[in-house]
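Asker: Need a 3D model of the sequence below.
(chains A and B)
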Amino acid sequence: MMTTTIQTENSQMDAGSCSFLSGSISPRTDEAPGHPHSDSFLRTIQDAAVAPDTWGGDAEDLASMGTTSVAMPTRDATETVCAKRLRIVFRATEDWKRRGELDHLIGLLQDSAEIRCGEKMARRVRALRQMALEEGDTEMGTDSLRSFFEFLTLNPRLRYPEISLTPDGDIYARWKGPQKMLLSIHFLPESRVRYVLFAPDRRRPALINRASGTDSVYGVFQTAARFLGPTDWLVQ
Amino acid sequence: MTGDPLPQGDHVARFCKPTCCNDDGSVAAGAFMLRAGESYLSVQWLECLCQADRAAQIEAAREAFGKRLKVGRSAKMAVLNVGMTCSHVMRASGFKIDMHHQPEPADPAHSGIFGIGQDEELIAETILETIKEVHPARKQDPSPL
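Answerer: Got it, this is the predicted structure:
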């Protein structure tokens, strides 16, 4: 019978976060919960390795995941083990992405030295997340929060906005200015935004001009500035 | 009857869940945006609730929301005038929205605001300008003695 050996030391994933695949697992305790190196994340992997029902594999195959090599009888079996292993990693990564990344992003917002009111915004986002969990029908969108964080990183001097969620759990930020001026941004996945702008007409200030559209987090502030004119009221 | 337009002088109440409200308790634009797959915004037609005054209508709307939805402590109810809201949105944004009766066996005052999907964010922001009253969506617990 042909025997194939899999060297797990070479099983590197492109995301550095998956380096735990190689060799033994040694949890780091200095990482935030939800981080790929954190205890909870590694525990997810280890739990998967002892809970075959959750992925449909053999307990023995899984039990050997933490070792440096696995002896398998055939090439087909080797491929099966590789596929199973990838499935476990994929599931754990997805799980982290869904739950842990929100914490991670809120932490970044809170700890940012550049973003004005970052701490206050992080508190509000955390409260909204909690409310969404209590409502039970919506989960805050990780991709939306990432776009929001990206936007704030690019425009760190913005003052504190009204922050709420859309029915689908996306972040919606709103800055109100004098004379009914308004900038509202609905943060979508992949750095996209939908924006609404209100500004008084320059010749007849009683008339309010309104605009809306789609832009990226990189360009929306410039788009808004062109429509609104001076943006001092948006900046702290 | 289903699909009948609501009278211009009547009022509707929209349930606003806590995540669609601001931290000062005001209603946010998200309360007038559609969830994925929705084609209209659900509202309660207050005059259809057959109550003597506005306070009783609000109480009846609260009950109706309570039967269908999970009502959080900080959830709100925004009251709109049908004619004022539709005409303001038309005038300010150029989009035509309508309100129609959508009765259900257990909820005869159920109605809908149609046309939001034309430009959700802009229409939602414009509707916010026409809110007449905001009430708690859940009867407030009596304060402890």
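
Asker: quick one: the helix or strand bottoming out on mean pLDDT in chain B to chain centroid distance?
Answerer: Taking mean pLDDT, DSSP states H and E as the measure, the helix or strand of chain B with the lowest value is helix B:54-68, at a mean of 93. Offset of helix B:54-68 from its chain centre (CA atoms, centre = their mean, to the nearest Å): 12 Å.

Asker: Sort out which residues of that helix are buried, please.
Answerer: Within helix B:54-68, the residues scored as buried using 16 or more other CB atoms under 10 Å in any protein chain shown are B:57, B:58, B:60, B:61, B:62, B:64, B:65. C-beta coordinates here come from the backbone N, C-alpha and C atoms, glycine included.

Asker: show me which of these neighbour chain A.
Answerer: Among the buried residues of helix B:54-68, not one lies near chain A by CB under 8 Å from any CB of the partner chain.

Asker: Can you tell me which of those is nearest chain A?
Answerer: residue B:65 (13.3 Å; CB to the nearest CB).

Asker: Please work out how many residues are found near residue A:105.
Answerer: 19 (other CB atoms under 10 Å in any protein chain shown).

Asker: isn't it right up against residue A:141?
Answerer: No. The criterion here is CB atoms under 8 Å, and residue A:105 misses it with residue A:141 at 10.9 Å.

Asker: what comes up buried for stretch B:102-120?
Answerer: Result for stretch B:102-120 [16+ other CB under 10 Å]: buried residues B:102, B:103, B:109, B:110, B:111, B:112, B:113, B:114, B:115, B:116, B:119, B:120.

Asker: of those, closest to chain A?
Answerer: residue B:119 (5.6 Å).

Asker: Backbone dihedrals for the residue nearest to the closest one when sequence neighbours are not counted, please?
Answerer: By the measure of CB to CB, 6 or more residues apart in numbering or on different chains, the closest residue to residue B:119 outside its immediate chain neighbours is residue A:212, 5.6 Å from it. Dihedral pair for residue A:212: phi -150, psi 160, per degrees, to the nearest 10.

Asker: Show me the beta-bridge partners of residue A:212.
Answerer: Beta-bridge partners for residue A:212, by DSSP bridges, are residue A:196.

Asker: From residue A:135, how far out is the nearest residue to residue A:142 once chain neighbours are set aside?
Answerer: Using CB to CB, 6+ apart and skipping residues adjacent in sequence, the residue nearest residue A:142 is residue A:101, 5.1 Å away. Distance, residue A:101 to residue A:135, using CB to CB, to the nearest Å: 20 Å.

Asker: hang on, the earlier thing: would you tell me what the next helix or strand after the least confident helix or strand of chain B is?
Answerer: Per DSSP states H and E, the first helix or strand lying C-terminal to helix B:54-68 is strand B:76-81.

Asker: for whichever helix or strand comes after that following strand, packing partners?
Answerer: Following strand B:76-81 in sequence order, the next helix or strand is helix B:82-93 (DSSP H and E). Where contact means 3 or more CB pairs under 8 Å, 6 or more residues apart in numbering or on different chains; DSSP states H and E, helix B:82-93 is packed against strand A:208-216, strand B:98-101, helix B:120-128.

Asker: by contact count, what packs against the second one?
Answerer: It stands for strand B:98-101. strand B:40-45, helix B:82-93, strand B:110-114.

Asker: what's the answer for the first one, then?
Answerer: Counting contacts by 3+ CB pairs under 8 Å, 6+ apart, strand A:208-216 is packed against strand A:192-200, helix A:220-228, helix B:82-93, helix B:120-128.

Asker: same thing but 6 Å
Answerer: strand A:192-200 (3 or more CB pairs under 6 Å, 6 or more residues apart in numbering or on different chains; DSSP states H and E).

Asker: ditto for the last one
Answerer: Contacts defined by 3+ CB pairs under 6 Å, 6+ apart place helix B:120-128 against strand A:192-200, helix B:82-93.

Asker: ok, back up a step: reformat the helices and strands packed on strand B:98-101 into TSV and put mean pLDDT next to each item.
Answerer: Shown next, in TSV, are the helices and strands packed on strand B:98-101 (pLDDT from 0 to 100):
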stretch	mean pLDDT
strand B:40-45	97
helix B:82-93	97
strand B:110-114	97
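
Asker: rewinding a little: ok, the residue nearest to residue B:119 to residue A:234 distance?
Answerer: For residue A:212, the distance to residue A:234 - CB to CB - is 17 Å.
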